[in-house]
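K.L.:
Sequence and predicted structure, then a few things I'm wondering about:
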Amino acid sequence: MIDYKKELNTAQFAAVESTGGPHLVIAGAGSGKTRVLTYRVAYLVENGVKPEEILLLTFTRKAAEEMLRRASLLLDERCNHVSGGTFHSFANMVLRKYAQLVGISNSFTILDQSDAEDTVNLVRTQLGFHKTDKRFPRKSALLELISKSINKSDDIESILYDEYPHFMEWSDEVKKIRDEYKKYKHLKSMLDYDDLLVYLKNLLTTHEDVRLTLARKYKYIMVDEYQDTNKLQAYISCLLASEHKNIMVVGDDAQSIYSFRGANFKNIIDFPKIFPGAKIIALEENYRSTQPILDLTNAVIRQARDKFDKNLFTRKRGDKAPIFIDAEDEHAQSRFIADKILELREEGVELSEMAVLFRSGWHSNDLEVELSSRNIPFTKYGGQKFVEAAHIKDITAYLRIIYNLSDEVSWYRALLLMRGIGPKTAEAVIQQILTQKKGLGVEEKLLHKSQDLRQLLGLFAKVGSENIKPAELIEIFLGYYQPLLKDKYDDFPKRLNDLDSLMRIAARYRSLESFLSDMALDPPERSIVAAGSRDNDDSRLTLSTIHSAKGLEWNTVFMIYVAEGYMPSYLSLENEDEIEEERRLFYVAATRAKENLFLLKPHLDRPMRGMMNENRQVFTQVSRFLEEGKILDRFVDVHELGPLDALDDLDVEDILGRKPQARGGFFEEMREYFNDAP
C-alpha cells in the first residue's frame, strides 16, 4: 500500500484522490505535475479500476511511457496495461478498427512530414502552379498553411494574412491545392497527422454507438499539458468523456505558448464552462525556484487578462533577487553574460546548469560570436547556429571574393544563387575569371545569361578599388542580395534579422581580413568541438528559444533582449491576444531558473531590418512585462553596464619612423633562446 498523504503535498493528494467527475488541475511551474499523474494512475489501479479502463493522453509517447513506468515502480506491473499515448497514436488505433464508418480503408498509410510535403508538391505540380510567372509558395509553406488552417479551425485567408502576407494573392490557388490534396489522399488511402484527428472527431460526432462504446471502455480519462491542445484535441477529449465525465485535465494556463502550432489557450480557460461543476485544484508549491524568483513571476502573471488565480510559493532557501542589467549595447550584453558564466563556473556552477533564453533564434547571434571568442562551449536549441545559416554564408561569400578573387568555392556559391545560372554556366564564368585570368572581364555572351551576374560583377568592380569597412560592404551587397533572398526562402522576412545582426557584428571590425578571419577560424560549432577535446570533463552552456526550453530547468538563467519589440515580439504589438501569449512566454522563461535569474536589455540605436515597426524609440524601452505594476522597482535589482572600452590602435607609420629600442634582460635571453625556432 502506498502512503499517498506522506508522499504528496496537500494539493497533490487532493488531485490524486479525486477520481469521479470532471477535474481541472492547474499545475504551476515546478509544482510536480508529472508526479500527480503518475500517482493518480497508481491510485486508480490500487483502488480497483482495471488498467485497461484508464486512458492517459500526452503529447509525446516518451512522456506516457515514463509516467506508466514510474507508476509501475510505485505499485506493480498492472500499471503497464494502462492505455497511454499521444492523441495521434490513439486516433490511429481507433481508426484502424472503425475506418470504414468514415469512408476510408482501415489499411490506410500514414504520411510523415516529409511524405506529406512531397504529396503536396505533387499536387502543386499537377495543377501547374510550379510554372507561375510570380513567385509561388513552396511545398513546406503550403503544407504549413493547410495544417494550421485545420489545427486552428481557421480559413486559409486568415493564416496567409498572419503568417505569409506576401502570398495573399495566391489564396484561391492555395485553397485549390488544399482541396486536391485532400482528394488525392482519400483516393490513395493516405492520412497525414492532421487527418488522424479530423477523422477521429468525425467518427465520434457522427456515430453515437462508437462514442458510447469507447466511453464504456475508457472510464477514466487523463490529459496532460491541456493548455497545449488544439480545438480538435480538446473536442476529442470532451467527446470521450461526455457520458461518464470522469476526466482530469492537467496543465498551466500561464504556460500556454504554442498558438503558432494551433494550441488554443481557451481550451483550458473554458474547461469549467464545458463541464459545469468541475473541481479546480491548484498546485502552488514550487520545488524548483527560490522565493524571490517566484515573487517576480507571480507579479508578472498577475497582470494577465485571462487566468486562474494562483500564487507560487516554495520552502526552498535562497534570497538572491533577480538582477536586471541595462546594457549600453548588445555587445555589452554578450560580454556581461560571458563574464558572469566564467565567474559562476569558478564558483562551482557547471556550464550544463546555465542557460541563455531568448524569444527568437536570431537574438543570440551576437552572443554566439562572443562565446566562441571566449572558448565557452555551447549547444543551441530552437534555431540554427548563426554562422551556419545559408543566408549568412551567402553574404560572406561576396566578402570573401572581394578579399580574394581566386576563392573558387565562394564564386560557386555566389553564382548558383543567381537567376538564370546553373552549374554549367557557373563553371564557364569561373573558368574565365580564374583559369583564363580575365579577372572580372567576363564575355558578353555569359553576361546575357543573367542580369544578376552583370550587376554583381559591377559591384565587385566598384568596391574592389576602394577601402571600405566590412559593415559598409555588407550594406552594399544587401541591396543586391535581398531580391535573391526573397526568391530562395519563403521565410525571408525572418532571415533579414540575421543579416542585420551580421552587419552589427561587422561594425566592430575595421578591416575585412580580421572580420573574415574571425568568422572562419572560430565559428560556434568549431569552438564547441575544440573546447570539448581540450576539456573533456566540462559540459556545455545551453542557448535556447523559450519555446524549446519549456519543461526544463537550470541553476542560472539569462534572459536577453528583455525589451519592447523583442519580448514581447514586434510581431505581436498590435494584437492583444498575442501580447498575452508573449507574457506567458516571459513567465515560462523566468520560471526555468532555480537560483539565479538575470534579465538583460541592451540599448538599440535602431530596430532590426526585419521589423515592420519603424518607431525607433520603442526598441530602447524595457519590456512592458517588467514595467506593469512597477515590477522592475519592486522585485528586481537594477544594474547599468557601460560599453566595451575601445582599443587604441598604434599608428603603423609612426612606428616605422622610430628607431629600434634597446632591450636587455629576460626579453633578449628569450629571443636568443627561440632564435632557431621554425
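P.N.:
Structure's in. What do you need?
K.L.:
host element of Leu57?
P.N.:
If you go by DSSP states H and E, Leu57 is part of strand 54-58.
K.L.:
So which residues of the stretch 301-450 of the chain form strands?
P.N.:
Using DSSP state E, counting those that start in this stretch, the strands of the stretch 301-450 of the chain run over residues 323-327, 354-358, 378-381.
K.L.:
Check which helices and strands the shortest one is in contact with.
P.N.:
Packed against strand 378-381 by the contact rule (3 or more Cβ pairs under 8 Å, 6 or more residues apart in numbering; DSSP states H and E) you find helix 365-373, helix 524-534, strand 541-545. Where C-beta positions appear, they are placed from N, C-alpha and C, glycine not excepted.
K.L.:
try the second one
P.N.:
Packed against strand 354-358, as judged by 3+ Cβ pairs under 8 Å, 6+ apart, are the following elements: helix 330-346, strand 541-545, helix 546-549, strand 554-559.
K.L.:
Of the strands of the stretch 301-450 of the chain, flag the one that's most buried.
P.N.:
Highest mean neighbour count among the strands of the stretch 301-450 of the chain (mean count of other Cβ atoms under 10 Å): strand 354-358, with a mean of 26.
K.L.:
Where does Glu52 sit: helix, strand or coil?
P.N.:
At Glu52 the chain is in helix, as set by DSSP: H, G, I helix; E, B strand; the rest coil.
K.L.:
Could you check the pLDDT of it?
P.N.:
Note on Glu52: pLDDT of 93.
K.L.:
gap between it and Ser83?
P.N.:
Separation of Glu52 from Ser83 (Cβ to Cβ, to the nearest Å): 7 Å.
K.L.:
Neighbour count: the two, which is higher?
P.N.:
Using other Cβ atoms under 10 Å as the criterion, Glu52 and Ser83 rank with Ser83 on top: 19 against 13.
K.L.:
Flag the shaky bits of this structure, pLDDT-wise.
P.N.:
Applying pLDDT under 70 to the chain flags residues 133, 383-385, 437-438, 465, 517-518, 520-538, 605-620, 642-678.
K.L.:
Show me the residue sitting in the middle of it in space.
P.N.:
When the chain is reduced to its mean C-alpha position, the nearest residue by Cα atoms, centre = their mean turns out to be Gly382, at 3.5 Å.
K.L.:
Now do the buried residues in the longest helix along the chain.
P.N.:
When the chain is parsed with DSSP state H, its longest helix is helix 470-488. Of all the residues in helix 470-488, those buried under the rule 16 or more other Cβ atoms under 10 Å are Pro470, Ala471, Leu473, Ile474, Ile476, Phe477, Leu478, Tyr481, Leu484, Leu485, Lys488.
K.L.:
and what of stretch 334-349?
P.N.:
Neighbour-count burial for stretch 334-349 flags Ser334, Arg335, Phe336, Ile337, Ala338, Lys340, Ile341, Leu344, Arg345, Val349 (criterion: 16+ other Cβ under 10 Å).
K.L.:
and what of stretch 300-310?
P.N.:
Neighbour counts over stretch 300-310 (16+ other Cβ under 10 Å) mark Val300, Ile301, Lys307, Phe308, Lys310 as buried.
K.L.:
Go through those and name the one nearest Ile560.
P.N.:
Comparing the buried residues of stretch 300-310 against Ile560 with Cβ to Cβ picks out Val300 as the nearest, at 16.9 Å.
K.L.:
secondary structure element for the closest one?
P.N.:
Assigning secondary structure by DSSP H and E places Val300 in helix 291-302.
K.L.:
Touching, Glu225 and Asp253? I think so.
P.N.:
No. Counting by Cβ atoms under 8 Å, Glu225 stays clear of Asp253, with 11.6 Å between them.
K.L.:
Might you report the residue contacts of Asp189?
P.N.:
Careful, residue 189 is Ser and not Asp. Ile104, Ser105, Ser107, Phe108, Thr109 (Cβ atoms under 8 Å, 6 or more residues apart in numbering).
K.L.:
what inclination does the helix holding Val300 have with respect to strand 554-559?
P.N.:
Helix 291-302 and strand 554-559 are oriented at 50 degrees to each other (axes from the mean of the first three to the mean of the last three Cα atoms, to 10 degrees).
K.L.:
heads up, I number from 234, so please use that
P.N.:
Right, with 234 as the first residue, what we last looked at is helix 524-535.
K.L.:
what packs against helix 524-535?
P.N.:
In this structure, helix 524-535 makes packing contacts with helix 809-823, strand 826-835, helix 864-868, judged by 3+ Cβ pairs under 8 Å, 6+ apart.
K.L.:
Could you point out which of those sits nearest Glu310?
P.N.:
Glu310 lies closest, by Cβ to Cβ, to one member of the helices and strands packed on helix 524-535: strand 826-835, at 34.8 Å.
K.L.:
C-terminal to the closest one, what's the next element?
P.N.:
Counting by DSSP H and E, the next helix or strand C-terminal to strand 826-835 is helix 857-860.
K.L.:
buried stuff in that next one?
P.N.:
Arg857, Phe858, Leu859.
K.L.:
which non-adjacent residue is nearest Gln245?
P.N.:
Distances taken as Cβ to Cβ, 6 or more residues apart in numbering put Val269 closest to Gln245, at 5.3 Å, once the chain neighbours are dropped.
K.L.:
Surely that neighbour is within a strand?
P.N.:
No. Val269: not assigned to a strand; according to three-state DSSP it is helix.
K.L.:
surely it meets Val249?
P.N.:
Yes. Applying Cβ under 8 Å, one finds Val269 in contact with Val249, separated by 6.1 Å.
K.L.:
Next, show the common contact partners of the two.
P.N.:
Residues touching both Val269 and Val249 (Cβ under 8 Å, 6+ apart) are Leu241.
K.L.:
How many residues are close by the nearest residue to Lys543 once chain neighbours are set aside?
P.N.:
Distances taken as Cβ to Cβ, 6+ apart put Ala515 closest to Lys543, at 4.6 Å, once the chain neighbours are dropped. The local packing of Ala515 (other Cβ under 10 Å) involves 20 other residues.
K.L.:
And the helix or strand hosting Ala515, what does it pack against?
P.N.:
Secondary-structure assignment from DSSP H and E places Ala515 in strand 512-516. Packing partners of strand 512-516 (3+ Cβ pairs under 8 Å, 6+ apart): helix 243-250, strand 256-260.
K.L.:
So which of these is the most surrounded?
P.N.:
Of the helices and strands packed on strand 512-516, the one with the most neighbours on average (mean count of other Cβ under 10 Å) is strand 256-260, at a mean of 26.
K.L.:
give me every residue that touches the closest residue to Ser683 other than its chain neighbours.
P.N.:
Distances taken as Cβ to Cβ, 6+ apart put Gly653 closest to Ser683, at 3.8 Å, once the chain neighbours are dropped. Each residue near Gly653 by Cβ under 8 Å, 6+ apart is listed here: Lys682, Ser683, Gln684, Asp685, Leu686.
K.L.:
nearest to Lys239, of these?
P.N.:
Ranked by distance to Lys239 (Cβ to Cβ), these are led by Asp685 at 72.8 Å.
K.L.:
Grab the nearest non-local neighbour of Leu436.
P.N.:
Val335 (5.2 Å).
K.L.:
sorry, that was for His314
P.N.:
Nearest non-adjacent residue to His314 (Cβ to Cβ, 6+ apart): Pro284, at 3.8 Å.
K.L.:
okay, now that neighbour: neighbour count?
P.N.:
A count of nearby residues for Pro284, using other Cβ under 10 Å, gives 18.
K.L.:
Kindly report the same for Asp640.
P.N.:
17.
K.L.:
ok, the residue lying closest to it once chain neighbours are set aside to Gly655 distance?
P.N.:
The shortest distance from Asp640 to any non-neighbouring residue, by Cβ to Cβ, 6+ apart, is to Arg633 (4.9 Å). Going from Arg633 to Gly655 by Cβ to Cβ gives 22 Å.
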